[in-house]
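# Take a look and give me a structure for this.
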Amino acid sequence: MWPSLRSGDVARVEPWAGELRPGEVVLARFAHALVVHRVRRCDGDTCVLLGDNARAEDPPLPRERVLGRVGLVRRGGEVLEPGRWDRGPRRWGRWRVEWKRGLAALLGRRRRA
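Residues are numbered from 1 along each chain as shown. Below you'll find the predicted structure:
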C-alpha cells in the first residue's frame, strides 16, 4: 500500500457496517495472508481489491472476508487522521515499484509466490 501506508506504520482496523465504497482502504483475509488494499468495486456479495501500486486487481473476494476499514494510522509517535495518511496511489509510488521490479529482473531475482 505504499505510499499510503509505510513500513513501521500501525493501522487501527475498525469493523465495517453498511456499504464498502470504492477507494476505501480495508483489511481482508485471503487464503494465503491478510492484506490491506483499496476497494476497487463491490458487486453483490463480492469485492475486488487493488493495492495502490499493484499492476492487477486481486481476485474477487466474498464480502465476509473483508474484516474492516483502516481508520487511524500511527506513524512514529504521531496519530494520523485518514486525510493525512490516505493519499492513494501516486506517481512516485508507482515509479518506485517499477524501478524495484526492473532492478530485481536485472539482478536475476524473481518475486516469491
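# contacts, neighbours, all on C-alpha from now
Will do.
# Would you map the helices across the chain?
Along the chain, the segments classed as helices by DSSP state H run 82-85, 91-106.
# give me the low-pLDDT residue ranges for this structure?
When the per-residue scores of the chain are filtered using pLDDT under 70, the ranges that remain are 1-3, 87-94, 109-113.
# all strands of it, in order?
Using DSSP state E, the strands found in the chain span residues 10-14, 25-29, 34-43, 46-50, 61-62, 66-75, 78-80.
# that older thread, compare the helices of the chain and give me the one nearest Ala31.
helix 91-106 (24.4 Å; C-alpha to C-alpha).
# For the closest one, list the C-alpha coordinates in CSV.
What follows is helix 91-106 as a C-alpha-only set of coordinates in CSV (Å, rounded to 0.1, in the frame of the first residue of the first chain):
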residue,chain,number,x,y,z
ARG,A,91,3.2,8.7,-9.5
TRP,A,92,6.3,8.4,-7.2
GLY,A,93,5.0,5.2,-5.6
ARG,A,94,4.3,3.6,-9.0
TRP,A,95,7.7,4.7,-10.3
ARG,A,96,9.4,3.2,-7.2
VAL,A,97,7.7,-0.1,-7.6
GLU,A,98,8.5,-0.3,-11.3
TRP,A,99,12.2,0.6,-10.6
LYS,A,100,12.4,-2.1,-7.9
ARG,A,101,10.9,-4.7,-10.3
GLY,A,102,13.3,-3.7,-13.0
LEU,A,103,16.3,-3.9,-10.7
ALA,A,104,15.2,-7.3,-9.4
ALA,A,105,14.9,-8.6,-13.0
LEU,A,106,18.3,-7.1,-13.8
